[in-house]
Each structure stands twice: as C-alpha cells, then as structure tokens.
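Visitor: Fold the following, please.
(one chain, ligands or ions: 1)
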Amino acid sequence: MNDHLIGGPALPQERRLVTAIPGPESARLHARKAAAVAAGVGTTLPVYTVAAGGGVIVDADGNSLIDLGSGIAVTTVGNSAPAVVDAVTEQLQAFTHTCFMVTPYDGYVRVAEKLNELTPGSHEKRTALFNSGAEAVENAVKIARAFTKRQAVVVFDHAYHGRTNLTMAMTAKNMPYKHGFGPFASEIYRAPLSYAFRDGGLSGEAAAFRAIDLIEKQVGAGNLAAVVIEPIQGEGGFIVPADGFLPLLVQWCHDNGVVFVADEVQTGFARTGELFACDHEAVVPDLIVTAKGIAGGLPLSAVTGRAEIMDAVNVGGLGGTYGGNPLACAAALAVIETIATEDLVGRARMIGKTMVERLHGFADPRIGDVRGRGAMVAVELVEPGTTNPDPDLTRAVAAAAHAQGVVVLTCGTYGNVLRFLPPLSMPDHLLFEAFDVLEQVFREN
Ligand code: PLZ
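Guide: Numbers count the residues shown, from 1 in each chain. As a prediction, the model looks like this:
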C-alpha cells in the first residue's frame, strides 16, 4: 500500500521475530514497570514499543509485530502518519498551549467546523472538544441534562463508556472496570440490547420494542434526559445490533423529547467502512461523541450535535484546561484530510472484506460468530454447536498469536471475543500474513 500512510523512519513492512516474545529487553523494562507503575494499569502484551508505522510495531528487542489493534482503534491513519507528523510539528513550533478558554486559536474552530460538517445530519450543529472518550461522554450527559432539564440516562447491556465515576456507572461490566470502585453515579438505567447471536435472532424492531418497554415502565420518558449507545459495541464484544434497532430507538427518542447520544468513540472516523457507524443505517443522533481515531494518537475527543441542545449550557459550563489542545487539533485536521485523500473509508471496507473472508475460511466450529463492519471485525469463540463462551480458548489463541508476532486484542462481556482493528495503513501482504498466522494458531490450539 501507499507510502503516504507509512511515514517516519519508513519502517520495513515485515513481521520479524529475532527473540522470543517478549524479548529480554522488554522483559527488563517490564520488571521496571512492575516496580514503578501502579498495578491496576494492565498491559495486553508486554513488548515495549520503540517505533510504529504502516502495519507494524517495532519493539525494544528489534522484533517487528503486525498490528491488528491500532492501540484500541486509535491509529486509524497509521502510527506517525506523515501528514499528522508534519501538521503537529508545524504547530509545535508555533505554540503548544494557551488554553482555548483563555486566548483561543483557529485550529479548535476548524476542527469544530469539520465535525459539524462531517457528522450525520444536515441540521445546524455545534462542537465542544475534550481530551478522552470518557470525558466527552460525561459532557454529552451534562449537555443533555441541561437541555432537557431531566436527569435519567439509559445505557445498554454490554456497554462500555469509560472509567470515570459517571462513565463507570454507564459501563456494564464489573470486572475489571467497576469492581470495588463504587458508589456509582445515580440515575443510570440499563436496557437490553439487540445481540443476534445471543438473543435467538430477535429482529431489530422487536429488540427495540423490548428496550423501549423497559424504559417506559422502569424509567419514564418524562424523566429521561438521554439514551446513550455505541452503534456497534466495542469493549462489549463488537456487537452489531440487528437492522432496525437503532432507527426505532432514535424515533422513540425524537417522539419523547429524549436526547439520542451515539458513542462513536471506537467506531468513528472511517473504521467501520463509513465515516461514522451511524451512517450505515442513516441514523442521525442528536449528539455524537468521538475520540480515538480522530487525531492519530494525540489525545482529543469531541461532542458534536444539534445547535439548540449544545447551546443550552450556560457560558463557562463546558471546558477544561487542555480540551482541544492545539497539537491535537492540528493532528485531527490532518487525520480528517488524510481519510478523504486516501479514501480510507473504502480501504476500511476492503480490509474488512478480507478479514471476514479469511475468518470464514478457517472453518473452525469453535468460531460461533464472525461479525463487525468495515475494519472492525471480531469472532466470538464458543463450545462447538452451542453459544457457551470459551474464554480459555480466546486467551490461548491471543497468546499464541502474540508469540508469533501478531498483536490481537480480546473483548466481550464473557471474555470470548477476539477483535481485529488493523490500522488502515496496513499493507495487504501483512494483513494476509497476520491471518495466515491466526489460521495456524487456530489449528494448533
Ligand atoms: N466509549 C465506545 O470504546 C474506550 C478502553 C480500554 P477513553 N475504549 C477502550 C480500557 O480498558 O480503558 C471507549 C470506548 C467507547 C468510551 C471510551 C472511553 O474512551 O478515551 O478511554 O476515555
């Protein structure tokens, strides 16, 4: 693939194992980590990165690993993508920070203009910028509450929205995200999702009515500020709701004066083969939360939405010292430009098609479901012929892939989902090689 996405030191696009994984230098660094870093901060694969770009991560021992994780769906345009490096370098030399709330700058306004233009819906919009996905989700809730003057928030089974106090309450899974960290924020209610593999193939409409019924009976539309949902769930297991689920929920929110918030932190910016996952079903959220892929690895997040909702907050009610940092804004503008000029939406579809074909080709009866959209694909591993989760196999396959120099991530409420999120700068030959490795790993485990 194309050099425009493989920048920096122009890393050889190859899988290269020169030591065991992790190698001795990584092991040494990991021992220092254990002595210096809080134990609660875990690592999936303790190889210590020294460079990354295109489709590879190079570690401290000189191994070159194929990256199917993109730092959890962040480096969509690639690591150190040339356009991002150039834009950030130029900004770095001009100024690094003033605080947008003190003396503002154009980069922030330009990112807001771009998000207002590109996010779903042609209505008048406003944007506010933050640092992390969780911070943006929290602000979306603040904004919805200020606009509706209501308090309740509905989230879904298997949801992941972050690790702050409010977003922990919104996140479904206890271990490792919530265990021992209560009390949690109040006025958060959980509704059932549409999860075809585990709900007997319930139609999207039927699943939406089931959720709406619960909301009406247990919360009451008149108390409800917002429904917050990931259009494809990320950490929860790459769960794609059945067709019709999201459009019906949006319609119900619209009819009841409830703010519909799409958490596109993981799905946004070309990842799913559309610019946003909502675009697959022409869903127009009132507010959309973005982060991760927005800025090529620099910390940036955003809430974008209907002008009348966004502007309901009093002046000074939104902000933060670093929100919309100039370097992150420069990176975001370069990312947005790169997605367009390199047709990364099309590239995500191609990569996704390849991954799905390869996974079906494994013909492994323990792969209960292959799902996802675009370059956001996962397999759910089960005992053959059942839906009983097999987290042990999932762990074993991930560990064996890591040992062979392929970075894969797991997810899912039951810990039985392997997910694939390659950077869209991944060259074809490496993508094929990664799936050759995975095929062999499935055969041997
Ligand atoms: N919403 C949909 O996927 C972050 C978290 C990994 P932050 N997902 C990866 C971990 O173990 O912490 C995420 C997400 C969705 C919100 C978030 C939160 O984004 O930038 O991590 O705060």
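Visitor: residues in the stretch 251-400 of the chain within reach of the ligand, list them.
Guide: Selection of the stretch 251-400 of the chain residues close to the ligand by Cβ under 6 Å from any ligand atom yields 263, 265-266, 291. (C-beta placed from N, C-alpha, C; glycine too.)
Visitor: Neighbour-wise, which one of these leads?
Guide: Asp263 (31 neighbours; other Cβ atoms under 10 Å).
Visitor: who are the neighbours in contact with that one?
Guide: 133, 137, 140, 161, 228-231, 289 (Cβ atoms under 8 Å, 6 or more residues apart in numbering).
Visitor: Could you chop this protein up by domain?
Guide: 24-77+343-444, 83-341 (automatic domain parsing).
Visitor: Distance across the first one, terminal residue to terminal residue?
Guide: If I follow you right, that is domain 24-77+343-444. Start-to-end span of domain 24-77+343-444 (Cα to Cα, to the nearest Å) is 26 Å.
Visitor: related to what we said a few turns ago, would JSON lines of the contacts of Asp263 with neighbour count, secondary structure and pLDDT be doable?
Guide: Shown next, in JSON lines, are those (neighbours: other Cβ atoms under 10 Å; DSSP: H, G, I helix; E, B strand; the rest coil; pLDDT from 0 to 100):
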{"residue": "Gly133", "neighbour count": "29", "secondary structure": "helix", "pLDDT": "98"}
{"residue": "Val137", "neighbour count": "29", "secondary structure": "helix", "pLDDT": "99"}
{"residue": "Ala140", "neighbour count": "31", "secondary structure": "helix", "pLDDT": "99"}
{"residue": "His161", "neighbour count": "33", "secondary structure": "coil", "pLDDT": "98"}
{"residue": "Val228", "neighbour count": "26", "secondary structure": "strand", "pLDDT": "99"}
{"residue": "Ile229", "neighbour count": "26", "secondary structure": "strand", "pLDDT": "99"}
{"residue": "Glu230", "neighbour count": "26", "secondary structure": "coil", "pLDDT": "99"}
{"residue": "Pro231", "neighbour count": "25", "secondary structure": "coil", "pLDDT": "98"}
{"residue": "Val289", "neighbour count": "30", "secondary structure": "strand", "pLDDT": "99"}
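Visitor: Could you list the low-pLDDT ranges of the stretch 201-350 of the chain?
Guide: For the stretch 201-350 of the chain, applying pLDDT under 70 flags no range at all.
Visitor: And the domains of the chain: which comes nearest His4?
Guide: Minimum separation from His4 across these (Cβ to Cβ) falls at domain 83-341, 7.4 Å.
Visitor: Run the chain-centre distance for the closest one.
Guide: Taking Cα atoms, centre = their mean, to the nearest Å, one finds domain 83-341 lying 11 Å from the centre of the chain it belongs to.
Visitor: Please apply the same query to stretch 61-76.
Guide: 15 Å.
Visitor: Mind listing what's buried along it?
Guide: 61, 63-76 (16 or more other Cβ atoms under 10 Å).
Visitor: Using PDB, write out every CA atom in that stretch.
Guide: Extracted as PDB, the C-alpha positions of stretch 61-76 are listed here (Å, rounded to 0.1, in the frame of the first residue of the first chain):
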ATOM      1  CA  ASP A  61      14.400  -6.100  21.100                       C
ATOM      2  CA  GLY A  62      14.200  -5.400  17.400                       C
ATOM      3  CA  ASN A  63      11.100  -7.600  16.800                       C
ATOM      4  CA  SER A  64       8.600  -6.300  14.300                       C
ATOM      5  CA  LEU A  65       5.000  -7.200  15.100                       C
ATOM      6  CA  ILE A  66       1.900  -7.000  12.900                       C
ATOM      7  CA  ASP A  67      -0.500  -4.600  14.500                       C
ATOM      8  CA  LEU A  68      -4.200  -5.700  14.500                       C
ATOM      9  CA  GLY A  69      -5.100  -3.500  17.400                       C
ATOM     10  CA  SER A  70      -4.300   0.200  16.400                       C
ATOM     11  CA  GLY A  71      -3.800   1.000  20.100                       C
ATOM     12  CA  ILE A  72      -7.500   0.200  20.500                       C
ATOM     13  CA  ALA A  73      -8.900   1.700  17.300                       C
ATOM     14  CA  VAL A  74      -6.800   4.900  17.600                       C
ATOM     15  CA  THR A  75      -4.200   4.900  14.800                       C
ATOM     16  CA  THR A  76      -6.700   4.500  12.000                       C
END
